[in-house]
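**Q** Mind folding the following:
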Amino acid sequence: MSGNNQWVYETVEEMGARFGIRVTDKLLEERTAYQHLEVYRTEHWGNLMLLDGVIMLSSVENFVYHEMMSHPALQSHAAPRNVVIIGGGDCGTLSEVLKHEEVESVMQIDIDEAVTRAAERFFPELVAHNDDPRASLHFEDGVAWMRNAPAGSVDVIIVDSTDPIGPGTGLFGPAFLADCHRVLRDDGIMVGQSESPFYHMPLMLDYHRAMAAAGFAERRSLLFPQPVYPGGSITGTLARKTGRLDEIRPLAGGVATRFYNTGLHRGLLEMPAFMREALGDV
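**A** Here you go, the predicted model:
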């Protein structure tokens, strides 16, 4: 928060960029066992959560991110019964996954329980379905969990990670992505938060290279808006263990969305020309 102006800023030094949101109150500041957690009340964006000074979500626009980190992967799988979410402590992605009746179990693994407890206090709409009998929450290291998980045991893996700093660093590494490939069933799909092509193209390249080295048959980075992030956009990278990513099931009538639809999904699979050029033959 900056002086009497009451602004919260996120700075991206390597890009010479800074993004700010006007706030009215600090609701929570906590140094957890893993990271610096803050929640603010804002003038226009509802409540706002930051981790280690990086904006995570606001009440107003988080549905875009959570829908895009869940529905493209689920709609690309013929029968997504067993889902694992790595990260996602605010539980917004979990809530979106639970909209799908065909899903039989969702295991969420986040290292920092404090994030979920903050969501319960300040983003109750995101945790409203945590008592669904199909859902289970585990507060442990997602990298270690994936390393020890049985091979061929999961249909869909969603890596709802923070930026590659602090506890999120390992979720971008080649060893973790190789473990994801091993744990997926033969028709399995994963999606991982893969940053902005305008700000972090080298990281996206490394992410695609690691997925290719792990053995994923096809990969696509879906670019979508994220109004409270510097750069205004982010990507989720889809990857199939076998087969193609353009086989998309119709969205079931009971799955209500505000941003995602299958037509949008098909268009985003094409990727903008500058991203295709940058990713090349990776």
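
**Q** per-domain residue ranges of the chain.
**A** Partitioning the chain according to automatic domain parsing yields domains covering residues 3-58, 62-279.

**Q** Quick one: the strands in this protein, in order.
**A** Counting by DSSP state E, residue ranges of the strands within the chain are 7-12, 17-31, 36-42, 47-51, 54-58, 82-87, 105-109, 135-138, 154-160, 184-193, 218-225, 233-240.

**Q** Any stretches of the chain with poor pLDDT?
**A** Applying pLDDT under 70 to the chain picks out residues 1-5, 165.

**Q** Point to the residue nearest the middle of it.
**A** For the chain, residue 160 is the residue whose C-alpha lies nearest the centre (Cα atoms, centre = their mean; 2.9 Å).

**Q** Next, count neighbours for the residue lying closest to that residue once chain neighbours are set aside.
**A** Spatial nearest neighbour of residue 160, chain neighbours left out: residue 88 (3.5 Å); criterion: Cβ to Cβ, 6 or more residues apart in numbering. C-beta coordinates here come from the backbone N, C-alpha and C atoms, glycine included. Residue 88: 29 surrounding residues under other Cβ atoms under 10 Å.

**Q** same check, this time on residue 57
**A** The local packing of residue 57 (other Cβ under 10 Å) involves 26 other residues.

**Q** wait, doesn't residue 33 sit right on residue 112?
**A** Yes: taking contacts as Cβ atoms under 8 Å, residue 33 lies within contact range of residue 112: 7.1 Å.

**Q** The two - which one has more neighbours?
**A** Counted by other Cβ under 10 Å, residue 33 and residue 112 do not tie: residue 112 has more neighbours, with 20 against 9.

**Q** Can you tell me how far the more buried one is from residue 174?
**A** Here the criterion is Cβ to Cβ, to the nearest Å. By it, residue 112 lies 24 Å from residue 174.
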